[in-house]
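**Student:** could you work out the structure for the sequence below:
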Amino acid sequence: MTDCIVTFASPPVVEVVAGVAFDGLGAETSALLAAFWKERLRDKFPSLQQQPPYSPTDERFPGGGKPFTFNLNLFNPSLSNAFPAARLWVQSSDGQQLLQLQPGWFACNWRKVDAGQEYDRWPSRQSAFHQYFTELSDYLEGEGVGQPKIRQCEVTYINHITPSAAWSSHGDFSKIFRIGPPTSDSYPLEQMSAQSQYALIKDDLPYGRLHIQIAPAYGPDGKTPLYVFELTARGAPLGDNIEGALAFLDRGREAVDRTFVALTTDAMHAEWGLQS
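**Tutor:** This next block holds a predicted model:
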């Protein structure tokens, strides 16, 4: 596992998600996932909520890269009126830790609930994902379902960039990010959004993509401007079983880290306390 590529004293991270899509469970196994929560997780994650199902995006490379043919089975084909499988959110008592359980999908989230909370860094996130996915895999094997076959992995960082000495309005986009249109006194920028994607390459072949989205927003008071900067690395595991998934998540996190630094300005790095 790689350590931090760069370190900020006060990073703007508000949520981190490490997840995998896998084969081996149909919609009819939703009750088994609920039993897993009740028997193995409820002490640490006492809150249980039901959410709409999540359908992971397939990353495909028609130009010569290996296509990813993951299919998430949300329906039981034996029932003509079957409903999508529910996605379970199980949360810690303080709301910071969240696991997502769904046939074909598992994710481990960290969320910044209070302003004073600090992001606990990637090694802790990777370790938590490893622990709870291994527990789920062992439980499913013990119940006779078998080990999940991981088909795709993703790691997401969501950042809320709030006003500081470096910027004060959505029009200050170029003071935050190294991308943006030319400025003009006659046509001042009011706000800007951006979206792009980058190929992740190994041995001259793409194995995944890094997606970025930047969007203007407002704080809870409805007045304070902020920019939401979301980066997601998604692709196939770099090897078999959980070790291949961990290898992708580490490499994807590295791509997220390097791209975040490359697309933000030196002034913002100083605000966040760039240390390495």
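**Student:** give the contact list for the nearest residue to Q51 once chain neighbours are set aside.
**Tutor:** Once flanking residues are discounted, Q51 sits nearest to R87: 4.5 Å by Cβ to Cβ, 6 or more residues apart in numbering. Yep, even glycine has a C-beta here, placed from its N, CA and C like the rest. For R87, the contacting residues are Q50, Q51, P52, P53, Y54, Q100, L101, Q102, W105, by Cβ atoms under 8 Å, 6 or more residues apart in numbering.
**Student:** ranges for the strands of this protein?
**Tutor:** Shown for the chain, the strands assigned by DSSP state E span residues 13-23, 47-51, 87-91, 97-102, 105-111, 149-161, 194-202, 205-218, 225-235.
**Student:** how far off centre is the last one?
**Tutor:** When you say that, I think you mean strand 225-235. Strand 225-235 sits 9 Å away from the centroid of its parent chain (Cα atoms, centre = their mean, to the nearest Å).
**Student:** can I get the strands of the chain in JSON lines with mean pLDDT and distance to E39?
**Tutor:** JSON lines is the format used below for the strands of the chain (pLDDT from 0 to 100; distance: least, Cβ to Cβ, whole Å):
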{"stretch": "strand 13-23", "mean pLDDT": "96", "distance to E39": "20"}
{"stretch": "strand 47-51", "mean pLDDT": "96", "distance to E39": "13"}
{"stretch": "strand 87-91", "mean pLDDT": "97", "distance to E39": "12"}
{"stretch": "strand 97-102", "mean pLDDT": "97", "distance to E39": "13"}
{"stretch": "strand 105-111", "mean pLDDT": "97", "distance to E39": "16"}
{"stretch": "strand 149-161", "mean pLDDT": "96", "distance to E39": "23"}
{"stretch": "strand 194-202", "mean pLDDT": "93", "distance to E39": "37"}
{"stretch": "strand 205-218", "mean pLDDT": "96", "distance to E39": "34"}
{"stretch": "strand 225-235", "mean pLDDT": "97", "distance to E39": "31"}
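**Student:** distance check, the residue nearest to Q51 against I212.
**Tutor:** Using Cβ to Cβ, to the nearest Å, we find R87 at a distance of 25 Å from I212.
**Student:** over to F229?
**Tutor:** Counting by Cβ to Cβ - F229 and I212 are separated by 7 Å.
**Student:** higher neighbour count, those two?
**Tutor:** Taking other Cβ atoms under 10 Å, F229 and I212 do not tie; F229 has more neighbours (22 against 19).
**Student:** how about the nearest residue to the more buried one, chain neighbours excluded?
**Tutor:** N159 (4.3 Å).
**Student:** list the contacts of the one you found.
**Tutor:** Residues counted as contacts of N159 (Cβ under 8 Å, 6+ apart) are P11, P12, V13, V14, V228, F229, E230, L231, F260.
**Student:** switch the cut-off to 6 Å
**Tutor:** Residues counted as contacts of N159 (Cβ atoms under 6 Å, 6 or more residues apart in numbering) are P12, V13, F229.
**Student:** what of P11?
**Tutor:** Y119, W272.
**Student:** pLDDT value on L74, please?
**Tutor:** Looking at L74, its pLDDT reads 40.
**Student:** Q117 too?
**Tutor:** 82.
**Student:** please tell me how far the residue lying closest to it once chain neighbours are set aside sits from D250.
**Tutor:** Excluding the flanking residues, the one nearest Q117 by Cβ to Cβ, 6+ apart is Q96, at 6.8 Å. Q96 sits 22 Å away from D250, going by Cβ to Cβ.
**Student:** what of V113?
**Tutor:** Counting by Cβ to Cβ, the gap from V113 to D250 is 26 Å.
**Student:** between the two, tell me which one has more neighbours.
**Tutor:** In this view V113 and D250 are compared by other Cβ under 10 Å, and D250 has more residues nearby, 17 against 13.
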